[in-house]
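>>> Model the following, please.
(2 chains)
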Amino acid sequence: MIEYSRRSSLISGLAGCLFLVFVVLSLSSCGRQNAGSGKPRTAMDSTLVITIPGDADYLNPVLGSTVTSSNIMGLIYPSLLQSEFDTSTGLLNYVALNKKLRETTNGEAKKIPEGAVARSWTFSADHKTLTYTLRSDVFWNDGKPVVSGDFKFTYMLYGNPVIASARQQYLAELVGAEKGKVDFDKAIETPNDTTLVFRFYKPVPEHLALFHTSLTPLPAHHWKNVKPGELRNSPLNIAPLGAGPYQLKSWQQQQELVLASNPKSDLPKPGNIPLISFRVVPDYTVRLTQLQTGAVDVVENIKPEDFTALLKANRQLEIKTVGLRVYDYVGWSNIDQKEYHKSGKVIPHPLFGSARVRLALTHAIDREAIIDGYLKRYGVVCNTDVSPSLKWAYNARITPHAFDPARATALLNAEGWLPGSDGILQKQGRRFSFVLYTNSGNARRNYASVIIQQNLRSIGIDCKLDVQESNVFFDNLHQRKLDAWMAGWAIGLEIDPLEVWGSDLNRSRFNFTGYQNPRLDQLCDLAKQKMDPFGAKPYWLEYQEILHRDQPVTFLYWMQETQGFSKRIEGEELNISGSFYNIDDWRLHPSANIAQ
Amino acid sequence: MLRYIFKRLLIAIPLIFGVLTLTFFIIRLAPGDPAAFFIQPGISPNVAEQIRAQYGLNDPVPVQYVKWLGNILQGNFGRSFSRAQQPVVEVIASALPITMTIALLTLVANFTFGILIGIISAVRQNSLLDRFLTVTALFFYSMPEFWFALMMIIVFALKFPLFPASGLNEIGSEGFGPVGFVLDRVWHLVLPVTVLSINGAAGIARYVRGSMLEVIRQDYIRTARAKGLPEKLVIFRHALRNALLPVITIMGSSLPFIFSGALFIEVIFAFPGMGRVTVDAIFSRDYPLIIANTFISGTLIVLGNLFADVLYAVADPRIKL
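You can find the predicted model right below:
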């Protein structure tokens, strides 16, 4: 009896297992049919799937601070102006319905002016008052008109210290800001619903005035009852009311955020693709796999080492590039950080204090080898932090410091660094030995740091490598605790380098090297005072010559950002101002039309 | 027994509280700053300061501790720094069921396969089958889970696209109907649960084999065979029951391990469960969320151990609690 019951339970267990296997297999075979046989996948045909490594934070322009949030908010909310990047000059252009800052010289700029709430603007001769005329025919999704009061209301939120908006720097030239607090009564006026006036306490170049006054608005009538202290916790943040080409359909946090084309939008029009899904996939390999299997359409920042396998495995993919905005560098502490922390005195660093030594280090590092080995045609040698994409300011006459170990050795010898008994250079009993720090989880920097270590070893410099957890690494960097490190910057499209190179080390928080040069400070100030960017060009040319001569850091390479796209997407225009720059104009091929 | 359980639960309260206090100070001692994200060019230096003030991080640590204590005693774990100020309890409430599902499925698969393989290995000791199973088990046991997961994805999602590589559901799965939705969910769970359970099952198989071999040599097994009982009855009724005693202890204590294993698996398979919440919270120095996660895993460890002890007493009448 006992044996019987045991046997029967065994049999039923086995049957259960078999059923499960059956279910799983039948399910998986469904999946295979979908993926392989070219049957129409109706849900996918109307949905563009973009993977993101991390979720959006707030869908509120005052608070949202991640790139993902910005991309999504750009589709949901209206904007005062449209901005476009002119690739022939490298300048940002601003467009209202009936006015442009400047005529673009190439045909690449494709933003249609109907996306702007502003009809036009006038800028006073003293460069202190900017007056926008708004359209009266644009509406929030609840039917209420978009009015000048919405902009003033939102600017007051941007400037409220209780809210701690990451964009409060945009208000730094408004009247009152010079005394520490923007006087909103005087700084922003709204005489009627279609007139919006911004007043600055000092003359501001027009492009900067437009840039700083075109922050995204919130609907005032919808938000007015939310107290500033409660803004971050408001449930309205996850149910945004907008007016743009898309609206939020669903948001399962940390999983998927879906936008649906907004049929009511006339800013500029409802988005072409019915649904856009942003899927959170934290792991890079999995993002890559999903792109390869066709489960997703766009994966950003694909590593060059994966291109060949990816394109070989799936011919329906292509790699698109944007750039150049991102560079890596090796930072050398120009000053003795320990002494600076102890007494506040600035004395040259014992190893890297001399410009000639830093120049020698640049000559010793084979930057081309790093580019050839890792970035391939997606990297360019970097001379200074002015990108070649900013053509109007880029100094093309500078020739890169070549890889020349012999010249490096000669420079070091001239500085008194001579080989010791162990083959390592020595000066007054001190060995040329240091630790090069970098942050963990960056394959490119790991690759580069090993080459740098070998290059330096061959001229008698002992360079040890240390990888730190990112939080720890950047904390050490900000506290100026590191002697040598490898990091990178993503530059803004406006040149504003004083925070990175300014001589006042207390104010220039990102001057990690401690480099000081009064002429550089002066050039930055002179350039800022010019009301026309082209007028500032000579200053920026000299600025680049100084950086190239002094080598406060060894600039390594500019990188193109490389994005993987499914070929079923049509009409995409990638732009240095963003990969999703014209996403509302993209279209999808039905899957049945894609050749398998 | 009830008294014993009650006593153990009472002891657990100061224990967990101590763990939370330690965590509170350790994470604040660790380098890194929850407002670090706001320290970058183009963002006013005031922002990081304002953010820290909002989070209450400008107070001295003892003051922060007292405030935190007051909140915790009222059951208030605070709001997450990194997840748009969502209440921590909400974050956990949405993540815990996902991890629990994975953990329970894994637990069942672990023990079913582990015990079966262990018995076969022990009964057929030193046979070719035993050697094969032992080598295979050791192979999987020594494999890091995150690597195994990536290999499974490459094989079963990329080379032979049988299973999805990530996510809990397919795009548009809301339209599949309730049965279709659940099946879609099961389909998405196959790879992660397999990865988690193969590793664990291999370990359990080794335990079961060892303890089975010990039991099989006992006199009472010889007696059972001598009185003519069928071999199946001898193995399953007389040997297995006794051999499973040490395994039961593992069951209770393996729950936290499965949880920590889920940490990698959830990041790799993009499941929004506790594992990912923990990893993200640590990297972004989200103090309230780290503490709440410690609370959950601490409680699980304590309850798991208690569960094991109670099971032990239930299974073995010689043990009195």
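>>> Grab the longest helix from chain B for me.
Across chain B, the helix with the greatest residue count (assigned by DSSP state H) is helix B:177-216.
>>> For that helix, which helices and strands make contact with it?
helix A:2-36, helix B:88-123, helix B:128-141, helix B:145-153, helix B:240-268 (3 or more Cβ pairs under 8 Å, 6 or more residues apart in numbering or on different chains; DSSP states H and E). C-beta: built from backbone N, CA, C; applies to glycine.
>>> For those, give me a markdown table that also has mean neighbour count.
Output for the helices and strands packed on helix B:177-216, formatted as a markdown table (neighbours: other Cβ atoms under 10 Å in any protein chain shown):
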| stretch | mean neighbour count |
| --- | --- |
| helix A:2-36 | 12 |
| helix B:88-123 | 20 |
| helix B:128-141 | 15 |
| helix B:145-153 | 19 |
| helix B:240-268 | 20 |
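>>> Quick one: closest of the ones you listed to A:Pro552.
helix B:240-268 (38.1 Å; Cβ to Cβ).
>>> Go ahead and measure how far that closest one is from the middle of the chain.
With Cα atoms, centre = their mean, to the nearest Å as the basis, helix B:240-268 stands 7 Å off its chain's centre.
>>> before we move on, the earlier item: can you list the buried residues in the longest helix of chain B?
Across helix B:177-216, burial judged by 16 or more other Cβ atoms under 10 Å in any protein chain shown covers B:183-184, B:187-213, B:215-216.
>>> and if you look at stretch A:65-82?
Using 16+ other Cβ under 10 Å as the test for burial, stretch A:65-82 gives A:65-69, A:71-82.
>>> cool, stretch A:97-105 as well?
For stretch A:97-105, burial by neighbour count (16+ other Cβ under 10 Å) applies to A:97, A:99, A:101, A:104.
>>> Please apply the same query to stretch A:306-313.
A:306-307, A:310.
>>> so which of those comes closest to chain B?
A:Leu310 (10.9 Å; Cβ to the nearest Cβ).
>>> check which helix or strand covers that closest one.
Using DSSP states H and E, A:Leu310 sits in helix A:307-313.
>>> Give me the contact list for stretch B:194-209.
B:102, B:105-106, B:109-115, B:117-119, B:121-122, B:133-134, B:136-141, B:143, B:145, B:148-149, B:152, B:243-244, B:246-247, B:250, B:254, B:257-258, B:261-262, B:265 (Cβ atoms under 8 Å, 6 or more residues apart in numbering or on different chains).
>>> Rebuild the buried residues of stretch A:306-313 as CSV, extending it with distance to A:Gly149.
As requested, the buried residues of stretch A:306-313 are arranged in CSV below (distance: Cβ to Cβ, whole Å):
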residue, distance to A:Gly149
A:Asp306, 50
A:Phe307, 50
A:Leu310, 50
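>>> Format those as a markdown table; extra columns: pLDDT and distance to A:Val435.
Shown next, in a markdown table, are the buried residues of stretch A:306-313 (pLDDT from 0 to 100; distance: Cβ to Cβ, whole Å):
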| residue | pLDDT | distance to A:Val435 |
| --- | --- | --- |
| A:Asp306 | 89 | 30 |
| A:Phe307 | 88 | 33 |
| A:Leu310 | 87 | 36 |
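>>> Are the longest strand along chain A and chain B in contact anywhere?
Secondary structure of chain A per DSSP state E: the longest strand is strand A:317-332. No. Legend: contact between strand A:317-332 and chain B by Cβ under 8 Å from any Cβ of the partner chain is lacking; minimum distance shown is 13.1 Å.
>>> By neighbour count, which bits of the next helix or strand after that strand are buried? Give me those.
Using DSSP H and E, the helix or strand that follows strand A:317-332 in sequence is helix A:337-343. Across helix A:337-343, burial judged by 16+ other Cβ under 10 Å covers A:337, A:340.
>>> which residues touch A:Gly373?
With Cβ under 8 Å, 6+ apart, A:Gly373 has these contacts: A:447, A:451.
>>> Can I take it that it is in a strand?
No. Under DSSP: H, G, I helix; E, B strand; the rest coil, A:Gly373 sits outside any strand and is assigned helix.
>>> which ones are touching the residue nearest to A:Asn160 when sequence neighbours are not counted?
Nearest residue to A:Asn160, sequence neighbours excluded (Cβ to Cβ, 6 or more residues apart in numbering or on different chains): A:Pro228, at 5.0 Å. A:Pro228 sits next to A:157, A:160, A:162-163 when contact means Cβ under 8 Å, 6+ apart.
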